[in-house]
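K.L.:
coords below, sequence missing:
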């Protein structure tokens, strides 16, 4: 009984201290690296990061996933892959997919790739007076970048993909197993053609439900360190900021990729053209995370044999899906590796 009272007293003190700390938090800032809006169409925007020390002559366009936001790549100043790349001389643009509404329910995979991405690429090419750009695709945004590069190889000089799925037939992750059995038509149609972000967040939580529980249980221990608490709050803000999905694009992505694996089979058709990964002949760096539970390595590795490039590299990152962006090793190892790779091929 005495031990129970001691534990109760300790928890109460932690909660009181936590309340006091939270009272000092005015706002939770994420993605604070300076950037300028340079192009916009519909809800999609293109931002250019300020960098007065650019040494790489070919700019990079980042294509993030439609799920969640690109803010993860610049979560906070000391945990920012984007800031690291900027410090190493990269000239960076990022595509902001925005927040789809019911008005966007009929936006398709072709609209995103042959429409928005192609328009962003053409803007950067014209602005810098260059023939080709560098692409950096992340997760689903990496799959988009692969498809784009296969359809428009004359516009891409170098391609980097991070934690990107290409072989959707694998059974190594729950996400891949579940997606094969989704009644995607019912999900899209019953939500009025717009798949809610909260629905997707709940699904991601169910992939590792005990991890969510452990994270919540650890909160009182963070109250003794405001810096750690702010790290936690920034991550939670990013998770909660989950855009809805345009129904037709989501329907096509699940059906034709997760369920039918058309990309790797060479059967995917976009804009009337078949997507052939062998058309990807530019240098390509494929980065996967060894402990990734969302995009297991087995879903990424086959890309190396599927492309037509002779200059191709598989790179294993010793961490999970999110650690690629916010881990200490990302700052020390991954950022320098990516920038060096681009620099050597952007003469």
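P.N.:
Sure thing, it's come through. These numbers come from a predicted model, not from an experiment. Numbering: from 1, shown residues only.
K.L.:
Doesn't residue 84 belong to a helix?
P.N.:
Yes. Assessed with DSSP: H, G, I helix; E, B strand; the rest coil, residue 84 lies in a helix.
K.L.:
and it, how many neighbours?
P.N.:
If you count neighbours by other Cβ atoms under 10 Å, residue 84 ends up with 21. From N, CA and C alone the C-beta is placed, and that goes for glycine too.
K.L.:
right, and it touches residue 335 too?
P.N.:
Yes. Under the criterion of Cβ atoms under 8 Å, residue 84 makes contact with residue 335 at 3.4 Å.
K.L.:
What is the three-state secondary structure of the closest residue to residue 140 other than its chain neighbours?
P.N.:
Ranked by Cβ to Cβ, 6 or more residues apart in numbering and with sequence neighbours excluded, the top spatial neighbour of residue 140 is residue 65, at 3.8 Å. With three-state DSSP as the basis, the three-state label of residue 65 is coil.
K.L.:
Contacts only, for residue 65.
P.N.:
By Cβ atoms under 8 Å, 6 or more residues apart in numbering, residue 65 lies in contact with 138-141.
K.L.:
can you rerun that using 10 Å?
P.N.:
Counting by Cβ atoms under 10 Å, 6 or more residues apart in numbering, residue 65 touches 72, 97, 137-144, 163-164, 294.
K.L.:
about what we covered before: so what sits against both of residue 84 and residue 335?
P.N.:
Common neighbours of residue 84 and residue 335 (Cβ under 10 Å, 6+ apart) are residue 90.
K.L.:
residue ranges with poor pLDDT in this protein?
P.N.:
Under the criterion pLDDT under 70, the flagged ranges of the chain are 1-27, 207, 211-213, 215-216.
K.L.:
how close does residue 218 get to residue 226?
P.N.:
Residue 218 sits 15 Å away from residue 226, going by Cβ to Cβ, to the nearest Å.
K.L.:
now residue 90
P.N.:
Counting by Cβ to Cβ, the gap from residue 90 to residue 226 is 32 Å.
K.L.:
And the two? Which one has more around it.
P.N.:
residue 90 (26 against 13).
K.L.:
ok, which stretches of this protein are strands?
P.N.:
Counting by DSSP state E, the chain has strands at residues 35-41, 44-49, 60-63, 74-76, 79-80, 92-96, 133-138, 156-162, 194-195, 245-246, 269-270, 273-274, 284-289, 312-317.
K.L.:
Make JSON lines out of these and add distance to residue 237.
P.N.:
JSON lines is the format used below for the strands of the chain (distance: least, Cβ to Cβ, whole Å):
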{"stretch": "strand 35-41", "distance to residue 237": "18"}
{"stretch": "strand 44-49", "distance to residue 237": "19"}
{"stretch": "strand 60-63", "distance to residue 237": "20"}
{"stretch": "strand 74-76", "distance to residue 237": "9"}
{"stretch": "strand 79-80", "distance to residue 237": "14"}
{"stretch": "strand 92-96", "distance to residue 237": "16"}
{"stretch": "strand 133-138", "distance to residue 237": "19"}
{"stretch": "strand 156-162", "distance to residue 237": "22"}
{"stretch": "strand 194-195", "distance to residue 237": "21"}
{"stretch": "strand 245-246", "distance to residue 237": "20"}
{"stretch": "strand 269-270", "distance to residue 237": "34"}
{"stretch": "strand 273-274", "distance to residue 237": "40"}
{"stretch": "strand 284-289", "distance to residue 237": "23"}
{"stretch": "strand 312-317", "distance to residue 237": "24"}
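K.L.:
Could you say which of the ones you listed is packed most deeply?
P.N.:
Across the strands of the chain, the average number of neighbours (mean count of other Cβ atoms under 10 Å) peaks for strand 245-246, which reaches a mean of 28.
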